[in-house]
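Participant: Next one to model:
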Amino acid sequence: MATARGKKEDYYQVLGVNKNSSQDEIKRAFRALAKQKHPDITKNPADGEEFKKISEAYEVLSDPEKRKMYDNFGHDGINGTAGGFNGFNSGAYTDLGDLFGDLFGDLFGGGGQRRQHQSQPRHNRNAPGANYLKNIVISLADAVLAKKQIININIEVPCDACNHTGAKTPKDNVTCQQCHGQGVEIRTGNSIFGGSFRQEVICNTCQGIGKVVLDKCLKCKGNGFFLDNQKLEFNLPHLVQTGDSLRIKGKGGVSKYNGPQGDLIIRVTVQQDKYFTRRGYDLLIDVPVSYLDILLGNTIVIPTIEGYAIKQQLKPGVQNGSQIIVSQQGSYYGKNSRGKLIATLKIKMPNKIGKNEREKLWSINNENGFTPNDEFIKKFNKDQK
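Facilitator: Residues are numbered from 1 along each chain as shown. Below you'll find the model as predicted:
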């Protein structure tokens, strides 16, 4: 598990559209950029890298589900689902007709040499399952102490009754007759740029799997997986904060194409605490004290975020706003390393005092001779002359 942080360019900026753009607008933007940057058209090898960025952005934004995940969670939400590009002529995408289907078949005529399409079905290339998202709200104490979290969640589990095929019996899982088990269909035609093109599109009958289920598995109802409610335990990383995304491998969607299971992305929100505030590694708290505690140097109690108390004797003469610093009582930032707890003293005065108490205070006042206001006015008047 790791904190996921996206570093790629914003997909909307890559295509030159905004977040409110319709699917048609995104499609038109991609078509226009593809015609400018496709290396088979421009004959410029340098355009290959730019075209890969454009194609990757379109693959995400043209898919409503991936687009929603990207809008909510950025690149964290679509990591592992966008496919990635490992070179324009990589084995994963032997031509762009294989990637974009019917829409861009007219881009592949005439120019450039491309690899022969491999005979295996497109989706039998270890396509992973979908990433799933889970929002959790944790207390500041859990975040500060990096506590273990336990959640109950429905997780997709490959069906053991049908061996993940979705078929009632092995005989009910038959080769697709439309594509003859290839998962793709071959289409040919003439390109608008001259010459002819050969385009591969996903088979509509088997959705690229190469197999068709005649009679569905009773346990998973033909899905190939079922939902299992599981108790999931994971440790929070140190210094986790609102907006962080935590990734748990293999707890997302089951792949339809024999690939690895997707990941579970946990989006964290840290609640504000009524008493404590976090500042970097440190915790801040305001502690009210009586004016008599200050005058007499009494012992006060400072609470910690773990729930126990620290006793601290005040030094006579401390002022309102003075701070008491307690080491190793802040946020964990390592296994045994913590920040500080900083307690700020807030002197409180009584709203009302009795007659006897007032007389005693007058006596103390006259004996003590502590008149800071009088001294301030004398100095002020002297400085004004």
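Participant: measure the spatially most central residue of the chain to residue 226 for me?
Facilitator: What sits nearest the mean C-alpha location of the chain, by CA atoms, centre = their mean, is residue 245, with 3.0 Å. From residue 245 across to residue 226, the span is 27 Å (CB to CB, to the nearest Å). All C-beta spots, glycine's among them, are computed from the backbone N, C-alpha and C.
Participant: can you map out the strands along the stretch 1-150 of the chain?
Facilitator: 2-3, 132-138, 148-158 (DSSP state E, counting those that start in this stretch).
Participant: Report the residue ranges of every domain in this structure.
Facilitator: Domain assignment of the chain by automatic domain parsing yields the ranges 1-88, 277-355.
Participant: In this model residue 263 seems to touch the residue nearest to the centre of the chain, though I could be wrong.
Facilitator: No - at 10.4 Å, residue 245 and residue 263 do not qualify as touching, with contact defined as CB atoms under 8 Å.
Participant: Which residue ranges of the stretch 51-200 of the chain form helices?
Facilitator: In the stretch 51-200 of the chain, helices defined by DSSP state H, counting those that start in this stretch lie at 64-78, 96-100, 140-145, listed in chain order.
Participant: Show me the shaky parts of the protein.
Facilitator: 1-7, 39-43, 45-47, 79-125, 190-195 (pLDDT under 70).
Participant: same for whichever strand or helix holds residue 342, what does it pack against?
Facilitator: Per DSSP states H and E, residue 342 falls inside strand 341-348. Secondary-structure packing of strand 341-348 (3 or more CB pairs under 8 Å, 6 or more residues apart in numbering; DSSP states H and E): strand 282-290, helix 291-296, strand 323-326.
Participant: Now residue 202. Its backbone dihedrals?
Facilitator: phi -70, psi 140 (degrees, to the nearest 10).
Participant: give me the number of residues near the residue lying closest to residue 322 once chain neighbours are set aside?
Facilitator: Counting by CB to CB, 6 or more residues apart in numbering, residue 322 lies nearest to residue 345, which is 4.9 Å off, once chain neighbours are set aside. The number of residues packed around residue 345, counting by other CB atoms under 10 Å, is 22.
Participant: picking that back up, just name the most buried of the helices and strands packed on strand 341-348.
Facilitator: Greatest average neighbour count among these goes to strand 282-290 (a mean of 16), per mean count of other CB atoms under 10 Å.
Participant: now that strand against strand 341-348, angle please.
Facilitator: 20 degrees (axes from the mean of the first three to the mean of the last three CA atoms, to 10 degrees).
Participant: Name every strand pairing with strand 282-290 and say which way it goes.
Facilitator: Within its sheet, strand 282-290 is paired with strand 277-279 (antiparallel), strand 341-348 (parallel), according to DSSP bridges.
Participant: Out of the ones you listed, which is closest to residue 16?
Facilitator: Nearest to residue 16 among the strands paired with strand 282-290 is strand 277-279; the distance by CB to CB comes to 40.0 Å.
Participant: Give me the contacts around the closest one.
Facilitator: The list of residues contacting strand 277-279 from outside it, by CB atoms under 8 Å, 6 or more residues apart in numbering, reads 140, 143, 144, 283, 284, 285, 331.
Participant: among those, which two are most distant?
Facilitator: Every pair of the contacts of strand 277-279 checked by CB to CB; the farthest is 143 and 285, at 15.7 Å.
Participant: any idea how far residue 221 is from residue 129?
Facilitator: As defined by CB to CB, residue 221 lies at a distance of 18 Å from residue 129.
Participant: if you count what's nearby, which of those two comes out ahead?
Facilitator: Using other CB under 10 Å, the more surrounded residue of residue 221 and residue 129 is residue 129, with 22 against 11.
Participant: List the residues that contact that one.
Facilitator: Residues near residue 129 by CB under 8 Å, 6+ apart: 156, 252, 253, 254, 255, 256, 259, 260, 261, 262.
Participant: For the residues you listed, pick the one with the most neighbours.
Facilitator: Among the contacts of residue 129, the one with the most neighbours (other CB under 10 Å) is residue 252, at 25 neighbours.
Participant: Please look at that one and residue 130 and confirm they touch.
Facilitator: Yes - contact criterion CB under 8 Å: residue 252 and residue 130 qualify, at 6.0 Å.
Participant: burial measure for residue 66, as a count.
Facilitator: Neighbour count for residue 66, taken as other CB under 10 Å: 20.
Participant: what do you get for residue 378?
Facilitator: Taking other CB under 10 Å as the criterion, the count of residues near residue 378 is 11.
Participant: what's the offset of whichever strand or helix holds it from the middle of its chain?
Facilitator: According to DSSP H and E, residue 378 maps onto helix 372-384. Relative to its chain's centre, helix 372-384 lies at 59 Å (CA atoms, centre = their mean, to the nearest Å).
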